[in-house]
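>>> need the 3D shape of this:
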Amino acid sequence: MWGLLAAAALLWPDHLSGPFDGVPLDRTAEAVLVGVIFPALWVFHSRFLATRLARASIVALLVWRACATVLFVQDGWCLRFEPSRPYAKDAEGAPHAWDLRADWRAADPACSAIMTRSYSEFHEFPVWFFNLPPPNDSWPAPEDLPPEATIAMHVRGYLSPSSSGSFDIDVGPGMQTAIAIDGRLSALPVQLAPGVHHVAIDGTLTGTRWRLVPRWNGAELWSNVSATVQRPSIASLRVRSWARWIPLGVTALILSAWIASALARVGHVAVFAWTTGASLIIAWLIVTDQVMSARWAIVALTAAVFVPVPPRLRNLFGAFLLIGVPWMTFVVVCAAPAIGRWVLYEFGNDYWMYQRYAYTVGSRACSISCSAIRALANGTGTARVSSPAVCSAFASRARSPGSAGASWRRPHRSGCSSCRARAISSDGALAKSRRPASSAWPRSARFLAARVN
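Okay, the predicted model is just below:
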């Protein structure tokens, strides 16, 4: 139970932005400590959760998260995207950006995401929804993806400086924006007096040369001025500057004490030296762009069998120290540059295909209708399909050479499109053919057909 409470306390989105403010874990330190090290400690050193320090810290962090939710308005600005055309299947209104601080349960969210940091380039914008399946069952059109896609952006929020200063926004050449301060269009930079000011940014995004970096007196805005989604109270503005450090202190106390307890449990020089040395070597190989050598270093971890290990560490915890920690170092160092960023998948590759069909699990069984399955299984003639999944499911084994109809071939490594082009006619219907012997179908296809019938 205490592990679940610790996870809830660490992941709960805090209304005050800062280090360790909960999901979406878009900063490197919190992503590594909360997203990687915390689960490892929970699994392999859960005995720490039985200590008074751990339980008191967890309760304190939970209480703080609840109080911050009630007492403070959300830090950041409301960021809403409006596509010029439906980009994703079953999309309605503004797309979601996987931000629990926004209206993630609404079909048409007022905020796609909450902006609490600057976006220096295209891959830092919360527009991962471009990787969702297209609105139809075909491949994405050029207008569905950057750089051909056009999308509107609306930013709303409040800026509350405690003294006069210059407000400016650095935007990329691929963005056409208009900024209004307190309801009046303003040319930037603009001088703002102390107090609460409403900020509205409307823009159109094209291409991939995007940038949105608000500045205050030439410096980064978020760490110098209070920016909120809703109008803050005067009392809350007085305590925000120091209150945001409370979750950082409690979280640092929990994790540092937990790590120290795990290290004290090791208590063996040879095991500690092996784990530290192997992890540092792997990290150095990756940082110096010798990733292939780092992969071979993972294989070399089998040499850990020659490390003298005391009987108390000849268990799962000891194996995790000798093998798991260096391997996790490989994963973390490789993935660290992608934290807080997104990658546009090339449609047809594994990542895109997994996303496409996982998106439809439970609704249309990978977009194949039951009538199409029955027609294919019974040989009743033409079966109209709505996705290339039929190709991957039924074309993985060759038909007998003498049978009539389309010639089924194993799909190429590049994806299903080549097979689909051979097996599906230009009007989208599967070519007519007699039903081959049941042994010619893949086992998974025979099972699926039996379940449908």
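
>>> what are the ranges of the helices in the stretch 51-200 of the chain?
52-71 (DSSP state H, counting those that start in this stretch).

>>> just the angle between the longest helix seen in the chain and helix 52-71, please?
In the chain, assigned by DSSP state H, the helix with the most residues is helix 245-266. Here helix 245-266 points in a direction 160 degrees away from that of helix 52-71 (axes from the mean of the first three to the mean of the last three C-alpha atoms, to 10 degrees).

>>> what residues of helix 245-266 count as buried?
Under the neighbour-count criterion of 16 or more other C-beta atoms under 10 Å, helix 245-266 has 246-248, 250-251, 253-255, 258-259, 261-262, 265-266 buried. (Each C-beta comes from the backbone N, C-alpha and C, glycine too.)

>>> pull the residues that contact that helix.
Contacts of helix 245-266 with the rest of the structure, by C-beta atoms under 8 Å, 6 or more residues apart in numbering, involve 6, 10, 14, 16, 18-21, 33-34, 37-38, 41, 44-45, 48, 51, 53-54, 57-58, 60-61, 64-65, 68, 272, 275, 313, 317, 321.

>>> any quick ChimeraX command for the buried ones out of the residues you listed?
Per 16+ other C-beta under 10 Å, the buried members of these correspond to this ChimeraX selection:
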select :6,10,14,16,18,20,21,33,34,37,38,41,44,45,48,54,57,58,60,61,64,65,68,275,313,317,321
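
>>> quick one on the thing from earlier: now do the very next helix or strand once past the longest helix of the chain: everything it contacts.
Of the helices and strands lying after helix 245-266 in sequence (DSSP states H and E), the nearest is helix 269-287. The contact list for helix 269-287 (C-beta under 8 Å, 6+ apart) reads 263, 266, 291, 293-294, 297-298, 301, 304, 307-310, 313, 318, 321-322, 325-326, 329-330, 333-334.

>>> could you chop this structure up by domain?
If you go by automatic domain parsing, the domain ranges for the chain are 1-72+237-266, 76-231, 267-359, 364-375+382-396+409-452.

>>> need those in TSV with mean pLDDT, can you?
Listed next are these as TSV, based on pLDDT from 0 to 100:
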stretch	mean pLDDT
domain 1-72+237-266	92
domain 76-231	89
domain 267-359	88
domain 364-375+382-396+409-452	38
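
>>> so how many other residues sit close to the residue lying closest to A88 once chain neighbours are set aside?
In space, A88 comes closest to L132 once its chain neighbours are excluded; the distance is 3.7 Å by C-beta to C-beta, 6 or more residues apart in numbering. Residues lying near L132 (other C-beta atoms under 10 Å) number 20.

>>> got the phi/psi numbers for L132?
The phi and psi values for L132, taken as degrees, to the nearest 10, are phi -70, psi 160.

>>> I'd guessed it sits against Y87; true?
Yes - with contacts counted by C-beta atoms under 8 Å, L132 reaches Y87, the gap being 7.0 Å.

>>> shared neighbours, those two?
P95.

>>> ranges for the strands of this structure?
According to DSSP state E, the chain carries its strands in the segments 77-83, 113-115, 151-160, 165-171, 175-181, 184-185, 190-192, 197-205, 212-216, 219-220, 226-228.

>>> with mean neighbour count and distance to W242 as added columns, please give those strands in CSV.
CSV is the format used below for the strands of the chain (neighbours: other C-beta atoms under 10 Å; distance: least, C-beta to C-beta, whole Å):
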stretch, mean neighbour count, distance to W242
strand 77-83, 21, 22
strand 113-115, 26, 22
strand 151-160, 20, 15
strand 165-171, 18, 20
strand 175-181, 15, 28
strand 184-185, 10, 33
strand 190-192, 15, 23
strand 197-205, 18, 23
strand 212-216, 21, 19
strand 219-220, 12, 19
strand 226-228, 22, 12
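
>>> without its sequence neighbours, what residue ends up closest to V36?
Using C-beta to C-beta, 6+ apart, the nearest residue to V36 is V332, at 5.8 Å.

>>> surely the one you found and G35 touch.
No - applying C-beta under 8 Å as the test, V332 and G35 come out as separate, 9.2 Å apart.

>>> compare those two (neighbour count), which wins?
Neighbours were tallied for V332 and for G35 using other C-beta under 10 Å; the higher tally belongs to V332 (19 against 16).

>>> coming back round to it: show me the two of the buried residues of helix 245-266 that sit farthest apart.
Maximum pairwise distance among the buried residues of helix 245-266 (C-beta to C-beta): 31.5 Å, between I246 and V266.

>>> which residues does P308 contact?
P308 sits next to A270 when contact means C-beta under 8 Å, 6+ apart.
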